[in-house]
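In: whatever this is, show me its structure:
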Amino acid sequence: MYNRMHIIAASLAIIPAFASAQEVQTVKIGFSSPLTGPQASAGKDNQGGLQMAVERLNTQGLVIGGKKIKFEIVAEDDQADPKSGVGVAQKLVDQGVKAIVGPYNSGVTIPASRVYNDAGIVTATVASNPKITQQGFATLYRVAASDSQLGGKMALYAAKELKIKTVSVIDDRTAYGQGLAEEFIKIAQANGIKIVSKDFTNDKATDFTAILTSIKGKKPQAVFIGGYAPQGGPIKRQMKQLGIDALLMGGDGICSPEMGRLGGDAIGESVYCTQGGTILEKAKEGKAFADDYQKKFGRPAEVYAVSFYDGMMVIAQAMKAANSVEPKVYGPALAKIKYKGVAGQYEFDDKHDLKQSPVTIFRFKDGVPVALTSY
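Out: Alright, predicted model coming up:
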C-alpha cells in the first residue's frame, strides 16, 4: 500500500513540472521594412526570409526558460521613410516585441535604432551605413556587410579586374546611397580611378535625363549608383536610350531581379553589383534555402531574404544559449555568439559588425544578377 501511494504521490509531484514544460509562450518578433512604395519588392523579399525562419523554428519545439516557445511576426511597413520608421519603431515597442529583424534602409535604421535601444530591444539589421554601428548602441547588431565592404569591394573589382579608369557617380542622398557612394569613391580614387562627375538624385525619382545628358559629355567608362533598383533600372534604360555606352555599377540595393523588371532589355551584362555573403549556390545550405524559398513563395529569393532568415536564427540561438527570451538576458549572449548561418559565419566585433563578411560580385544576365566571384 505504501509503495503504491508513494508511486502515486511521486507521479503527481512531476505533473506540474511536465505541465510547465508544455506551457506555450508566444514571443513577438518585430519586422520593419518597406511593404508599399517603390521598394516594396525588397520588403516582401525580407519578410519571406523572416517568415521561413519563424516557421522552421516553430516546428522545432524549442523550450526556453521552461516554456515551449512559439514565435510570432509583427510586421510593419516603414515605407523606407525615416519618419515612418520611427513611428513603426514606437508601435513595435508598444506591442512588446522581444526582438526586431530589420529595418532594411539605413535612413530608417539610424533614427529608429535609438527608439529600439532606449527600449532595450535587440535589433538585427541589414542596413549598411557605417554610422549605424558607430552609435555604440548595446542592443544593435548588423547581420550583413557594411557600405565600406560593399562600395569598397565594387571599387576594387572595377579597378583590378575591369580595368576601369573613369567613373561618374550618382547617389540618391539617402543614408544608404550616400554612404555607399562615399566608400566607392574613396577606394576607387586610392586605386587609380578618376571620378569625372558627381550627381545627386532622390529615391523617388524616375527621370534621369538631365543628369545622364550631362554625364554623356564626360564619357565615363562606368556609372556608379549609390541607390536602389527603382532608380537603377530606369537609369540604365535611359542610358541606353541616350546612347551612353558605359557599365553601370552599384551595391546590394540594385542587386535584385527588380532591376530587370524596371530596366527591361537594358539590364544586361554591362551591369555589376555587390552583395554581402558568399555565393549561395555554391553552399549546400544556400541552394536548399533558395529552392525552399522559390517553392514556398513562387518567386526567387532576392537580396536579403537569407539575411533576415539568418538574423532570426541567430537571435533564437542567443535565446537558447541564455535560456531566456528577454533582450536584457539574451543580448549579451548574442555579442559572444558563433553561429554558422546560410549566408556565412555570424560572429560580432566590439561595434557589433560582423567580424567576417565576404562580398560577392554579381553581373546581370537576362535581367537577373548572376554571382561571379566572392571578393
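In: and the helix or strand hosting Ala89, what does it pack against?
Out: Element membership for Ala89, per DSSP states H and E: helix 82-94. In terms of contacts (3 or more CB pairs under 8 Å, 6 or more residues apart in numbering; DSSP states H and E), helix 82-94 is packed against strand 24-33, strand 67-77, helix 106-118. All C-beta spots, glycine's among them, are computed from the backbone N, C-alpha and C.
In: quick check: angle from it to strand 67-77?
Out: Orientation check (axes from the mean of the first three to the mean of the last three CA atoms, to 10 degrees): helix 82-94 against strand 67-77 gives 160 degrees.
In: mind listing what's buried in helix 82-94?
Out: Pro82, Ser84, Gly85, Val86, Gly87, Val88, Ala89, Lys91, Leu92, Val93 (16 or more other CB atoms under 10 Å).
In: now the element after that helix, going C-ward?
Out: Helix 82-94 is succeeded, C-terminally, by strand 99-101 (DSSP H and E).
In: and that following strand, how far out from the chain's middle?
Out: 12 Å (CA atoms, centre = their mean, to the nearest Å).
In: now stretch 101-109
Out: Averaged over its C-alpha atoms, stretch 101-109 has a centre that lies 8 Å from its chain's centre (CA atoms, centre = their mean).
In: with stretch 320-336 instead?
Out: Taking mean C-alpha positions (CA atoms, centre = their mean), stretch 320-336 and its chain are 22 Å apart.
In: ok, now stretch 277-295?
Out: With CA atoms, centre = their mean, you get 16 Å for stretch 277-295.
In: mean confidence score for that stretch?
Out: For stretch 277-295, mean pLDDT rounds to 87.
In: pull out the buried positions in it.
Out: Buried residues in stretch 277-295 (16+ other CB under 10 Å): Gly277, Thr278, Ile279, Leu280, Gly286, Phe289, Ala290, Tyr293.
In: would you mind measuring from the second one to Gly250?
Out: Distance, Thr278 to Gly250, by CB to CB, to the nearest Å: 20 Å.
In: and if you look at the fourth one?
Out: Taken as CB to CB, the spacing of Leu280 relative to Gly250 amounts to 19 Å.
In: now do the first one
Out: With distances taken as CB to CB, Gly277 is found 17 Å from Gly250.
In: where in the chain is pLDDT low?
Out: 1-22 (pLDDT under 70).
In: go ahead and flag the most central residue of it.
Out: Centroid-nearest residue in the chain: Val126, 3.3 Å away (criterion: CA atoms, centre = their mean).
In: which SS state does the nearest residue to that one once chain neighbours are set aside fall under?
Out: Nearest non-adjacent residue to Val126, counting by CB to CB, 6 or more residues apart in numbering: Ala144, 4.1 Å away. Under the three-state scheme (DSSP: H, G, I helix; E, B strand; the rest coil), Ala144 adopts coil.
In: check contacts around Ala144.
Out: Ala144 makes contacts with Val126, Ser128, Asp252, Gly276, Gly277, Tyr304, Ser307, Ala343, Leu354, Ser357, as judged by CB atoms under 8 Å, 6 or more residues apart in numbering.
In: tally of neighbours for the nearest residue to Asp172 once chain neighbours are set aside?
Out: Spatial nearest neighbour of Asp172, chain neighbours left out: Gly227 (3.7 Å); criterion: CB to CB, 6+ apart. Using other CB atoms under 10 Å, Gly227 is surrounded by 27 other residues.
In: I'd say Gly227 and Gly250 touch.
Out: Yes: here Gly227 lies in contact with Gly250, judged by CB atoms under 8 Å, at a distance of 7.0 Å.
In: name the residues contacting each of those two.
Out: With CB under 8 Å, 6+ apart as the test, Gly227 and Gly250 both reach Leu180.
In: how long is stretch 129-137 end to end?
Out: This stretch, stretch 129-137, spans 15 Å end to end (CA to CA, to the nearest Å).
In: now do that stretch: distance to the chain's middle.
Out: For stretch 129-137 - counting by CA atoms, centre = their mean - the centre lies 15 Å from the chain centre.
In: strands of the stretch 201-350 of the chain, start to end?
Out: Secondary structure of the stretch 201-350 of the chain (DSSP state E, counting those that start in this stretch): strands at 222-226, 247-250, 271-276, 339-340, 345-346.
In: residues contacting Met249?
Out: Met154, Ala158, Val167, Ala222, Val223, Phe224, Ile225, Val271, Tyr272, Cys273.
In: brain fart, Ile254
Out: Ile254 neighbours (CB under 8 Å, 6+ apart): Ile225, Gly227, Tyr228, Ala229, Gly232, Gly233, Leu248, Val271, Cys273.
In: kindly indicate which of the residues you listed lies nearest Arg299.
Out: The nearest member of those to Arg299, counting by CB to CB, is Ala229 at 14.7 Å.
In: how close does that closest one sit to Leu248?
Out: If you go by CB to CB, the gap between Ala229 and Leu248 works out to 11 Å.
In: with Phe71 instead?
Out: For Phe71 relative to Leu248 (CB to CB), the value is 40 Å.
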